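Asker: any chance you can model this:
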Amino acid sequence: MNVLVLCDDLWHPGEVVVRGMRPLRKLGYELDVVTAPKDILTVKMLRDYEVIVNARGNAHSPGNSSAPWFEPNVTAVMPEDFRAFVEEGGGFLALHAGNTYSLRNQPAMAEFIGNEFIGHPPQCDITARPVGDHPITKGVGSFTFRDEHYRINLLAQDADIFLETTSDSPAGTQVAGYTRKIGKGRLAVLTPGHNCAVLESEPFTRLMANAVDWCAGKLA
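Answerer: Residues are numbered from 1 along each chain as shown. From the prediction side, this is the model:
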C-alpha cells in the first residue's frame, strides 16, 4: 500500500514521526515522507497514494513556523483538495499534530477533519480505552502511555468514535479516535502520538496500521 506521510513543524519534528512509524514499514507499508508539502505537493501527486497521513499543523516549516502552510493562490494543495481526494475514494488519517487546526486559524481543515484543537496540558500519563467494536481497535485493549493529552472540540456530527483517553490532568476524558465516511472515501483521527515511545509501542502501532487499512477500505 502506498502511503503519503506529511510531517515536520516547530513543535513536532519530522524525525519523530519518521522514526515512530518504522514499525509500519516492517509490516510492509510503503511510506513516502514529505516534510515540505507547501512546496512539493500537487493535486496530481495525491493520486499516487491510497492513504494520506497528516501529522503536521498549519506551519510552513520548523524554521518558518509563523508562516502558514495553506495560502490561497500560493499553496498548490489546499484543504479543499484533501477533501476532494477523500470524496473521490482516497483515505486520510489525521495523526496527532494533524489535529491542531481551529475554526479561527484554518476553518476549512478543521471542518474537513471534523474537530477543533483546544490545547493540551503538560505531558502526563494517559490511558486509552477502545470504544464500541470498531475494526480499528481490533486486537487492541486499554493501554497507558505518557504523551500530550489533546483536548478537542468535536465538530463532525457523523463521527464514529472508537477511542477515548483519560488522565488526571485538566484534560480529563477526551475523544482520541474516530472515523468519518466522506463521499466515496474514508477519514480517521488519532490524537495521541507526540513521542517515539508512543508511536513505536505495540498497541499504538496496531492502531495506526488498522487505521491506515480502514482508510484504504481494507477493513469493513
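
Asker: in contact with the closest residue to residue 195 other than its chain neighbours, which residues?
Answerer: The shortest distance from residue 195 to any non-neighbouring residue, by CB to CB, 6 or more residues apart in numbering, is to residue 147 (6.1 Å). Any C-beta I mention is one placed from the backbone N, CA and C, and that applies to glycine too. Residue 147 makes contacts with 123-124, 126, 192-195, 198, as judged by CB atoms under 8 Å, 6 or more residues apart in numbering.

Asker: top helix in the protein by residue count?
Answerer: Across the chain, the longest stretch assigned as helix under DSSP state H is helix 202-215.

Asker: rounded mean pLDDT for that helix, please.
Answerer: On average, the pLDDT along helix 202-215 is 98.

Asker: with stretch 130-143 instead?
Answerer: On average, stretch 130-143 scores 97.

Asker: parallel or antiparallel, list what pairs with the longest strand seen in the chain.
Answerer: Selection of the longest strand in the chain by residue count, based on DSSP state E, yields strand 173-182. Here strand 173-182 has these sheet partners by DSSP bridges: strand 160-166 (antiparallel), strand 185-190 (antiparallel).

Asker: ok, and what's touching that strand?
Answerer: Here strand 173-182 makes contact (CB under 8 Å, 6+ apart) with 83, 86-87, 112, 114-115, 128, 134, 136-137, 149-152, 154, 156, 158-166, 186-192, 207, 211, 214.

Asker: can you flag the buried ones in these?
Answerer: Buried subset of the contacts of strand 173-182 (neighbour count, 16 or more other CB atoms under 10 Å): 83, 86, 112, 114-115, 128, 134, 136-137, 149-152, 156, 159, 161-166, 186-192, 207, 211, 214.

Asker: what segments of the chain are strands?
Answerer: Ranges of strands in the chain, per DSSP E, are 2-7, 30-34, 51-55, 91-95, 115-119, 124-130, 143-147, 151-154, 160-166, 173-182, 185-190.
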